[in-house]
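Trainee: what follows is a predicted structure for the sequence shown.
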Amino acid sequence: MKINNALPLLIGLLMMGCQKKEVATPPNVILIITDDQGYGDLGIHNNPNIMTPTLDAFARKSIRFNNFHVSPVCAPTRSSLMTGRYSLRTGVRDTYNGGAIMAASEFTLAEMLKKANYTTGIFGKWHLGDNYPSRPSDQGFDESVIHLAGGIGQVGDFTNYFKMGTSYFDPVLWHNNQQKAYKGYCSNIFTEKAIDFIEKNKEQPFFCYLSFNAPHTPLQVPDKYYQMYKDIDPSQGIDAQLMPEAELTEKDKEDARKVYAMVSNIDDNLHRLFEKVEALGIEDNTIIIFMTDNGPQQVRYVSGMRGRKSSVYRGGIRVPFFMRYPAKFKDNQDMDQMAAHIDLLPTLSKLCAAPMPQDRKIDGRSFLPALQNETLPERSFFSYWTRKFPELYNNVALQKGEYKLVGKTDFDASLQEFELYNLREDPYEKINIVGQEREKASSLKSEMDELISELSSSPNLVNPPLIQVGTPNENPVYLNRNDAGGQRGVWNQEEIYSFWKVDLQKGVYDLKFKFLKPLDGGGDLFLEMGQNIKRKQHLEDEKDELIWRNVALPAGAFDFTPFYRKGRKSIFPLWVEIQKVE
């Protein structure tokens with residue numbers, strides 16, 4: 001009798017020993033994302049011309065998500081990653097043009113984890129607003145070391161813009177909203193700061209967001225890494241059917257060499273980071289995720305997929321995603337069910353026991369059931385990319401199950417002018433079956449229309465986020481070109497109509513207007529804010545900065561519109577500094 005009672009207990013103990021232990025303390029989270037690194041830019045994805053030993057080894061001992069999707073471009077992917085929502089709901093509709101500012105009302109992954117007593121840090125690219133109340137420090141991050149705008153040295157990153165060809169080296173970054181000069185190469189700096197943050201917070205749950213700006217343009221890399229690739233042919237050893245249809249030009253090949261060099265630098269940096277996590281003894285209870293934000297910008301190997309960055313074809317939106325959490329999941333698994341950037345917040349909510357917000361639509365879902373061998377219910381996934389707002393029906397897609405409807409046509413196009421693909425039978429999106437599957441295409445188009453209408457009327461698009469000027473939270477305020485709206489494609493042009501959307505506090509201000517080039521004297525500088533217009537004549541030649549002091553400005557929400565006019569020319573500033581003095 002005693003033996004019979006003991007046997008079930010013994011069997012139970014043996015079965016428990018075969019399973020992963022339940023985690024007693026909340027896991028740390030390290031989220032690593034690279035910029036414009038495509039699915040094919042890894043050795044493990046059958047690219048014989050790139051050296052990524054660290055990431056290849058990491059992938060082999062991780063859960064490999066083989067069907068993971070993001071947005072076609074940077075800022076929309078990052079807003080969805082942070083919120084679990086389609087980017088249009090968050091106010092993010094572009095990578096610049098005033099459309100890369102996330103509404104302050106959004107509840108981010110960092111804010112969610114902070115509510116669960118995590119310490120949070122971001123190192124690298126934010127690209128969701130450079131002013132209060134949309135900076136990392138306003139959206140849940142305790143520590144931040146970031147660059148401005150969408151890339152170091154871009155026109156919006158005014159602290160590095162004039163360095164041009166060397167902007168990735170010795171950059172001026174923003175540490176907790178203060179300018180600070182750093183020595184070294186940008187990816188090395190961001191990794192070092194992330195490692196410092198991890199070491200400092202190893203005794204408590206932390207969230208480390210290591211968001212590399214590489215291998216985004218400009219393609220600058222330490223010579224040591226370029227030398228590794230200077231003599232390679234990036235198309236060598238790859239089945240021609242898996243390469244882009246057009247043969248790579250010499251410029252394409254040189255761009256690929258530089259990108260591969262930048263990725264190898266990241267790979268070495270991640271070796272240092274992974275070694276530190278192991279040395280600190282926190283590896284088992286740390287979730288480490290590696291992913292990229294969209295497909296490659298330049299023409300090169302993308303594992304045979306069609307399209308690249310900005311495209312809704314798979315080459316633009318299907319990316320690597322590897323996740324490792326030794327305390328909970330076994331190593332070396334493949335996950336083939338569809339998952340996306342909008343799913344990360346709901347999934348980490350479950351893994352970290354951090355409640356999601358209940359007062360808004362979350363478009364994503366937890367993919368944990370799929371990791372427990374459950375089949376996730378079929379759902380739709382929407383993709384689009386155009387400047388300004390979604391255009392009917394230009395570069396839009398809706399994927400549902402194995403079918404994907406793509407619009408690359410006119411606003412009044414017939415159904416026959418759309419493209420329909422069966423991704424299970426045609427993963428490279430080469431065979432348009434819209435003529436054979438009209439009923440399926442019609443159903444997907446109806447759903448696409450409803451979703452475009454819903455997302456385009458999102459409150460944060462109808463009433464876009466405003467930059468707060470004159471508050472104690474940020475003084476001075478720098479208005480940069482990345483966040484300037486107006487004409488499409490506002491970048492580094494001089495003669496262009498543009499403005500910043502601001503919520504201005506009444507007060508007295510000093511204003512500095514910085515221009516790209518020295519101005520011809522004798523013109524007038526205008527500042528328009530609704531019905532309030534100020535004009536001042538400037539006589540001196542060869543000045544690229546004009547300063548107004550002790551200017552009384554009214555309270556209100558305005559299109560803040562400065563321009564220098566001489567004759568028929570109106571010149572828009574590169575940036576404006578606004579400092580409240582009383």
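Mentor: Alright, I've got the coordinates. Quantities reported herein were computed from a predicted structural model and do not represent experimental measurements.

Trainee: mind giving me the domain ranges of the chain?
Mentor: 28-371, 380-461, 467-580 (automatic domain parsing).

Trainee: winner for burial among those?
Mentor: domain 28-371 (a mean of 21; mean count of other CB atoms under 10 Å). To be clear about C-beta, it is placed using only N, CA and C from the backbone, and glycine gets the same treatment.

Trainee: any idea how far that domain is from the chain center?
Mentor: Relative to its chain's centre, domain 28-371 lies at 7 Å (CA atoms, centre = their mean, to the nearest Å).

Trainee: for the domains of the chain, give me TSV that also has mean pLDDT.
Mentor: Shown next, in TSV, are the domains of the chain (pLDDT from 0 to 100):
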stretch	mean pLDDT
domain 28-371	97
domain 380-461	97
domain 467-580	96
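
Trainee: and the residue nearest the centre of the chain, how far from residue 419?
Mentor: Against the mean C-alpha coordinate of the chain, by CA atoms, centre = their mean, the closest residue is residue 78 at 3.3 Å. Distance from residue 78 to residue 419, counting by CB to CB, to the nearest Å: 28 Å.

Trainee: kindly report the same for residue 316.
Mentor: For residue 316 relative to residue 419 (CB to CB), the value is 14 Å.

Trainee: moving C-terminal from the lengthiest helix in the chain, which element do we reach first?
Mentor: With DSSP state H setting the assignment, residue counts place helix 250-279 as the longest helix in the chain. Downstream of helix 250-279, the first helix or strand assigned by DSSP states H and E is strand 286-292.

Trainee: list the contacts of residue 165.
Mentor: By CB atoms under 8 Å, 6 or more residues apart in numbering, the contact set of residue 165 is 218, 220.

Trainee: do the one 3 residues further on as well
Mentor: The contact partners of residue 168, taken as CB under 8 Å, 6+ apart, are 152, 153, 185, 186, 214, 218, 220, 221.

Trainee: filter these down to just the ones in helices.
Mentor: Residues of the contacts of residue 168 located in helices (DSSP H): residue 186.

Trainee: want to throw the contacts of residue 168 into a markdown table with distance to residue 577?
Mentor: A markdown table is the format used below for those (distance: CB to CB, whole Å):
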| residue | distance to residue 577 |
| --- | --- |
| 152 | 20 |
| 153 | 20 |
| 185 | 29 |
| 186 | 24 |
| 214 | 29 |
| 218 | 25 |
| 220 | 27 |
| 221 | 32 |
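
Trainee: nearest to residue 343, of the contacts of residue 168?
Mentor: Closest to residue 343 out of the contacts of residue 168 is residue 214 (25.3 Å), distances taken as CB to CB.

Trainee: ok, now which ones touch the closest one?
Mentor: Residue 214 is in contact with 34, 35, 168, 186, 187, 221, 262, 263, 265, 266, counting by CB under 8 Å, 6+ apart.

Trainee: next: residue 221.
Mentor: Contacts for residue 221 were tallied using CB under 8 Å, 6+ apart; they are 168, 185, 214, 258, 261, 262, 265.

Trainee: the same query, at a cut-off of 6 Å, please.
Mentor: The neighbourhood of residue 221, defined by CB atoms under 6 Å, 6 or more residues apart in numbering, consists of 258, 261, 262.

Trainee: phi and psi next, for it.
Mentor: Dihedral pair for residue 221: phi -150, psi 150, per degrees, to the nearest 10.

Trainee: what about residue 349, distance to residue 373?
Mentor: In this view, residue 349 and residue 373 are 21 Å apart by CB to CB.

Trainee: I misspoke; the intended subject was residue 481.
Mentor: From residue 481 to residue 373 the distance is 50 Å (CB to CB).

Trainee: what does residue 389 give?
Mentor: Separation of residue 389 from residue 373 (CB to CB): 41 Å.
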